[in-house]
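Participant: the sequence and its predicted three-dimensional model are supplied below.
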4 protein chains.
Amino acid sequence: MSAERETYSTGVPTQWVGPIRVSGNAVEGEIEVPLATYESPLWPSVGRGAKVSRLVEGGIRCTVLGEQMTRSVLFVADDGAHAHRAWQAIEARIGDLEDVVAAGSRHAKLKEVHPEIVGNLLYLRFALLTGDASGHNMVTLAADHLMSEILSWDLGLGYGSISGNFCTDKKATGVNGVLGRGRNVVADILIPHSVVEERLRTDAREFAELVVRKNYVGSTIAGALRSANAHFANMLLAFYTATGQDAANIVEGSQGFTYAEAREDGLYFSCTLPHLIVGTVGNGKDLPDVEYALQRLGCREEREPGGNARRLASLVAATVLCGELSLLAAQTNQGELMATHRKFERTKGQK
Amino acid sequence: MSAERETYSTGVPTQWVGPIRVSGNAVEGEIEVPLATYESPLWPSVGRGAKVSRLVEGGIRCTVLGEQMTRSVLFVADDGAHAHRAWQAIEARIGDLEDVVAAGSRHAKLKEVHPEIVGNLLYLRFALLTGDASGHNMVTLAADHLMSEILSWDLGLGYGSISGNFCTDKKATGVNGVLGRGRNVVADILIPHSVVEERLRTDAREFAELVVRKNYVGSTIAGALRSANAHFANMLLAFYTATGQDAANIVEGSQGFTYAEAREDGLYFSCTLPHLIVGTVGNGKDLPDVEYALQRLGCREEREPGGNARRLASLVAATVLCGELSLLAAQTNQGELMATHRKFERTKGQK
Amino acid sequence: MSAERETYSTGVPTQWVGPIRVSGNAVEGEIEVPLATYESPLWPSVGRGAKVSRLVEGGIRCTVLGEQMTRSVLFVADDGAHAHRAWQAIEARIGDLEDVVAAGSRHAKLKEVHPEIVGNLLYLRFALLTGDASGHNMVTLAADHLMSEILSWDLGLGYGSISGNFCTDKKATGVNGVLGRGRNVVADILIPHSVVEERLRTDAREFAELVVRKNYVGSTIAGALRSANAHFANMLLAFYTATGQDAANIVEGSQGFTYAEAREDGLYFSCTLPHLIVGTVGNGKDLPDVEYALQRLGCREEREPGGNARRLASLVAATVLCGELSLLAAQTNQGELMATHRKFERTKGQK
Amino acid sequence: MSAERETYSTGVPTQWVGPIRVSGNAVEGEIEVPLATYESPLWPSVGRGAKVSRLVEGGIRCTVLGEQMTRSVLFVADDGAHAHRAWQAIEARIGDLEDVVAAGSRHAKLKEVHPEIVGNLLYLRFALLTGDASGHNMVTLAADHLMSEILSWDLGLGYGSISGNFCTDKKATGVNGVLGRGRNVVADILIPHSVVEERLRTDAREFAELVVRKNYVGSTIAGALRSANAHFANMLLAFYTATGQDAANIVEGSQGFTYAEAREDGLYFSCTLPHLIVGTVGNGKDLPDVEYALQRLGCREEREPGGNARRLASLVAATVLCGELSLLAAQTNQGELMATHRKFERTKGQK
């Protein structure tokens, strides 16, 4: 039905910002980044952070801490005792499950199977390595095969669901951060006091205090869940849209941590992003705008499996740090945020 | 700096899906909806839900339950006693604050001021009516004025932050659902058993059981926060991108509830979306693709203030329901999800 | 059946600790507090905090910010539109509901009715003032009357449940902190640097840093919900048990915030406890041990309604602060926590 | 100081309820259980559930799914890259850490080390097997040794805190349920329809519906965190107090799941309790009342390590199920809860 419908493009305004100076275990250099967004004040805001990065030796250091993609399935047993016994039988045959995954895809590799039992319900959360893909389809396909395999073992289990919401895809939960989903990256920088004062118009102590009061105390009373940041979601959306990612994953992407310290030698500032669900191949990556962006970012090179995606994740994290740094700096001073917005809007209007 | 940079468009593939049959307190008729997404299987999936809506009298009923936009500010006092006394003084002058908001904008109206004190920190969460705008800028501007006004009262308060993360914008929290942020819409439909069986290839009891086991039990063990659905975020992202919304708000948008009941006369199915942050005017709404979409949706008509935005929010909710219904139906049957994906991908490939 | 069974007493070891120096809007003086606990190291720990309080002018300032007790009920409608219309009708008759509550009890007063609709389900959360009682029974009785009244109005609603878990009693949730449940108290103190160093063997900056890293960052990654403290639950359990409270309410009581600042004139330290569910009359308060404790605490005096309970809540908060201060101080120094435990255990053994 | 103070006993009213019929992998038989509580209606309520258990073959089946006790420590590095490298070095020497734990205690065994990095902060969560003890002191002692060992490795780490709140002790979080803390037990029963109707005055379908609407939908809108039950905390508090447990652990104990299904052959009813932090030896277990209770429960027999504690945990779970079953049944019928309370209070008054 839908195949007959016309497909057209909705154009999202895009600018390349930077370059950002970055270093780390998956990227090195001065690199511009694309931001596709209807919220154009984001460009100069990230741009200011990028400028700061270029004033610091090594710039923003990005460390990829881990990676995996996940899908959970649901089996139904008669009762808790049967669910438990079934899980014990499955746990004893993890090797067989690894074979099933390997047989279904050249790129996928089973990393972990995590169970949880509620009454007679058995949830299994599969974690896979998925190379340079974000891995949505790879894990769903693997889960399909794994379910069929397990059901064939006659453990007294019935089909519950191919997705049991314990994955967890595009919902705000605690499990993703604890067990991992996507690429986990920490980006940080030590900014000399002089740069803090001249470029960010604040000082390290005031800045660190704001991070505590807003991102931690404020988020706590808001009832935030594994989330302590000002606006990760804005940078994630713009970067994801420009590079063909499934931007609905900014939901879990928004759950991450900004942490700062006022040190003797400057402002230590960090953004930790535990669930960057990004890939450089797969669905949506062959569209012209997307291909252009990925290539210009240097994420379509010959690298070891996952190398391009880890580079991409590092650049996302660095970009998030730039935008977070800039907004928080603005909020340390009364009136600055609105003044900047107004100025930028006026500039736009004059064009 | 950024003004000199080139701005281009990233094209996001878009189809109009439906029409969806809808009724309710803000919309009535059979209306097609635009979905801009890199995940093209979403189109036939929402399309299947739309088909179901047209087989039911009244289709999907959308009830707008409430609306408001929020921003929180942070004041710093000497201690808890002073913060408390300051709040009491502010509470006694809410009328003055209403005047400040009214003076700053024709469209904004102060609806509620909600305080929370932590030690010596006083957080105030302002809720405003913002007409047909989503209201991001309106509440920030109002918060700026309100802060200046309150600081001028000499209550022993100092400036903390123009945004205290108790708003809460684009982060997964509990406060938004409890106190409200954006437009709150419930969409529901009663689907006759025959339609459930023929169009959704399942039955009402199995379907309702899956909703419980996946969306409620599964989400619960995932540590979800005020979230019990399969994939609200997918439909929200696509609809928001097509209509020029700030799609980073799908973070809180993803927090909503799918609830179903197997009844004698069919499957009762509902999607409740407490935080739809959408507008028909404002930032990004004057781009050609966006204007076209909003006009075709009938959301640029002459209506009472907020009427266009409520119509838009209702259509978003109906679209979410269509996609949610379709995916859940697919997951009641082993293997169906993957088979559908494969079929759709193949169709695409053959073109 | 149970009436024929033997009832005996399980003895929980109890000591009076302090006195704590306190001031504020509900209590003033130097007052000893009772702690009934199997974890005897709690006594010297709270004792150390009490000692610190006596070295500061005004001691610990306790500010009662608000109070109420809550119960939610659940109604079932045909669909969301009917649930919405029913709520509008109820909202228009809040005065009638206030009369129902007033007629059912001399002490109870309806303060707020907060609705939430999910599909066809209508949850109403009633907040009541309950005088000096914690109010569990008062709100359940009121809810029973309110439900009957509302059902008699023929709004198309059916009975769902007398308690809809939106109350929320003895479960960890976000709603209680946002809308209020129990007495909300902030306790704080400004400790001169000399006292911090001599009595707490740490300094203000190190202490404040630990609060951030442990109570905020650590709690955040743990996926805590409106909770940022070290061990509120320990003091609450001991105080509640000694004074005949329903100690299962430490579940929500444990959700509260420790916040500190290193200032020029000392360490600012605060504990904010939004849900202290305590009373000086009602169930369990007539047992001899309990009566003795409440009288010795000065919580059985002639005061305005709620005055005794607010005094009690203030003392609970001050006690929590003492224990929190002491444990955090110990954790700033490597090895101190275990050394203290060992020393205390040895002392006990020698007796 | 405190050693000179008088210690006396606060008497908490206690009854033995049941017997409960139980079976499973750690307990078998008909066993009475002690409940120490100020809330005396709890006794007949649990008693009604126990009665139901005796009408079903096999009674309540209790399956212990896992066990461990946890403590997290906090190290501070210069930045994220150094924290990451330090963790890699630690991960390569887990064997050394196992030796450290084994050397420090005959009963403790290191089971898992789980890391999380935020900026320059490295949190390590140690999970230990602790035999028949709940293990609070054992894990703190082990953490102390482990920290010293790791700091001696010169990895560029500094001491942060002996407890980093990622443990998580007595706070409501997501991490405990996902990674485990305490003993994880599922208790379930299949109750014939006749028993449901005669003893619980309801039917299976209505009952299951209430569980969904109240425990799942209601908890979801309350912003509950890994919690879907009516009142686990009440039974936990009473059982813990009667058996000398550290009842502050009901905070995490309250996070568990009630799940029910209306089946052809009856009502399937289950309570899953992922974090029962209980022991039969250790602090507080040598008090006369406690020793009596543990012995009468058969939890001081010669068994394999952990066997007594697993038996105890199973009995706790069965008791929770009895109380949960009874309360939910009462709430299916309008007015029953209050009527029962009143009747029980009257009976008490007549004595």
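Facilitator: It's in. Residues are numbered from 1 along each chain as shown, chains lettered A, B, ... in the order given.
Participant: in the helix or strand that residue A:140 is a member of, what's buried?
Facilitator: Residue A:140 is part of helix A:136-151 when elements are defined by DSSP states H and E. Judged by neighbour count (16 or more other Cβ atoms under 10 Å in any protein chain shown), helix A:136-151 contains these buried residues: A:136-147, A:149-150. (Glycine included, C-beta is placed from N, CA and C.)
Participant: got it, and stretch A:203-210?
Facilitator: Buried, per 16+ other Cβ under 10 Å, within stretch A:203-210: A:204, A:207, A:208, A:209, A:210.
Participant: next, the nearest residue to the last one once chain neighbours are set aside: phi, psi?
Facilitator: Excluding the flanking residues, the one nearest residue A:210 by Cβ to Cβ, 6 or more residues apart in numbering or on different chains is residue A:332, at 5.2 Å. The phi and psi torsions at residue A:332 (degrees, to the nearest 10) take the values phi -70, psi -20.
Participant: isn't residue A:206 up against residue A:332?
Facilitator: Yes: here residue A:206 reaches residue A:332: they are 5.1 Å apart, a contact under Cβ atoms under 8 Å.
Participant: tell me which parts of the stretch 251-351 of chain A are close to chain C?
Facilitator: Taking Cβ under 8 Å from any Cβ of the partner chain as the contact definition, the stretch 251-351 of chain A meets chain C at A:257, A:259.
Participant: same thing with chain A?
Facilitator: A:174, A:177-178, A:212, A:216-217, A:219-221, A:223-228, A:257, A:259.
Participant: go again using 6 Å as the cut-off
Facilitator: A:174, A:212, A:216, A:220, A:223, A:226, A:228 (Cβ under 6 Å from any Cβ of the partner chain).
Participant: distance of residue A:210 relative to residue A:326?
Facilitator: The gap separating residue A:210 from residue A:326 is 13 Å, by Cβ to Cβ, to the nearest Å.
Participant: go on, residue A:219?
Facilitator: In terms of Cβ to Cβ, residue A:219 sits 19 Å off from residue A:326.
Participant: residue A:106 too?
Facilitator: According to Cβ to Cβ, residue A:106 stands 42 Å off from residue A:326.
Participant: and the end-to-end length of stretch A:205-221?
Facilitator: 23 Å (Cα to Cα, to the nearest Å).
Participant: averaged pLDDT, that stretch. What do you get?
Facilitator: For stretch A:205-221, mean pLDDT is 98.
Participant: name the residues that touch that stretch?
Facilitator: Stretch A:205-221 has contacts (Cβ atoms under 6 Å, 6 or more residues apart in numbering or on different chains) with A:227-229, A:258, A:260-262, A:267, A:332, B:116, B:118, B:160-161, B:164-166, C:212, C:216, C:228.
Participant: please flag which of those sit within helices.
Facilitator: Assignment to helices by DSSP state H places none of the contacts of stretch A:205-221 there.
Participant: filter these down to the ones in strands?
Facilitator: A:258, A:260, A:261, A:262, A:267, B:116, B:118, B:160, B:161 (DSSP state E).
Participant: and of those residues, the nearest to chain C?
Facilitator: Chain C lies nearest to residue B:118 out of the ones in strands among the contacts of stretch A:205-221, by Cβ to the nearest Cβ, at 4.9 Å.
Participant: what is the neighbour count of the closest one?
Facilitator: When neighbours are counted by other Cβ atoms under 10 Å in any protein chain shown, residue B:118 registers 26.
Participant: likewise the one 5 residues further on?
Facilitator: In terms of burial, residue B:123 registers 27 neighbours under the definition other Cβ under 10 Å.
Participant: list the contacts of it.
Facilitator: B:72, B:74, B:116, B:164, B:166.
Participant: is it true that residue A:258 touches residue A:271?
Facilitator: Yes: assessed by Cβ atoms under 6 Å, residue A:258 is found in contact with residue A:271 at 5.4 Å.
Participant: any low-confidence regions in chain A?
Facilitator: Counting by pLDDT under 70, chain A shows low-confidence ranges at A:1-4, A:341, A:344-351.
Participant: quick one: the longest strand anywhere in it to strand B:8-24, angle?
Facilitator: Ordering each strand of chain A by length in residues (DSSP E) puts strand A:8-24 first. Angle of strand A:8-24 versus strand B:8-24, following axes from the mean of the first three to the mean of the last three Cα atoms, to 10 degrees, is 120 degrees.
Participant: strand A:8-24 pairs with which strands?
Facilitator: strand A:29-36 (antiparallel), strand A:60-66 (parallel), strand B:8-24 (antiparallel) (DSSP bridges).
Participant: would you turn those strands into CSV with mean neighbour count?
Facilitator: Listed next are the strands paired with strand A:8-24 as CSV, based on neighbours: other Cβ atoms under 10 Å in any protein chain shown:
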stretch, mean neighbour count
strand A:29-36, 21
strand A:60-66, 24
strand B:8-24, 22
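Participant: those: which one's closest to residue A:127?
Facilitator: strand A:60-66 (10.1 Å; Cβ to Cβ).
Participant: what's that closest one in contact with?
Facilitator: A:22-27, A:53, A:180, A:184-189, A:310, A:314, A:317-318, A:321, D:80-81, D:84, D:117.
Participant: who are the packing partners of the helix or strand hosting residue A:52?
Facilitator: Assessed by DSSP H and E, residue A:52 sits inside helix A:42-54. If contacts are counted by 3 or more Cβ pairs under 6 Å, 6 or more residues apart in numbering or on different chains; DSSP states H and E, helix A:42-54 sits against strand A:8-24, helix A:307-331.
Participant: anything in contact with each of residue A:258 and residue A:271?
Facilitator: residue A:324.
Participant: of those two, who's got more company?
Facilitator: residue A:271 (32 against 26).
Participant: state the distance from the nearest residue in space to residue A:31 that is not next to it in sequence to chain B.
Facilitator: Nearest non-adjacent residue to residue A:31, counting by Cβ to Cβ, 6+ apart: residue A:19, 5.3 Å away. Note on residue A:19: its distance to chain B, by Cβ to the nearest Cβ, to the nearest Å, is 12 Å.
Participant: which residues sit against stretch A:274-291?
Facilitator: Stretch A:274-291 has contacts (Cβ under 6 Å, 6+ apart) with A:132-134, A:176-177, A:181-185, A:244-245, A:249, A:252-253, A:294, A:299, A:308-309, A:312-313, A:316, B:10-11, B:38.
Participant: from the residues you listed, which land in helices?
Facilitator: Going by DSSP H, the helices hold A:176, A:177, A:252, A:253, A:294, A:308, A:309, A:312, A:313, A:316 from the contacts of stretch A:274-291.
Participant: quick one: residues contacting residue A:58.
Facilitator: Per Cβ under 6 Å, 6+ apart, neighbours of residue A:58: residue A:23.
Participant: am I right that it is in a strand?
Facilitator: No: counting by DSSP: H, G, I helix; E, B strand; the rest coil, residue A:58 is not part of a strand but coil.
Participant: can you tell me how far it is from residue A:190?
Facilitator: 9 Å.
Participant: buried set for the helix holding residue A:52?
Facilitator: Buried, per 16+ other Cβ under 10 Å, within helix A:42-54: A:42, A:43, A:44, A:45, A:46, A:47, A:48, A:49, A:50, A:51, A:52, A:53.
Participant: what does stretch A:66-77 give?
Facilitator: A:67, A:68, A:69, A:70, A:71, A:72, A:73, A:74, A:75, A:76, A:77.
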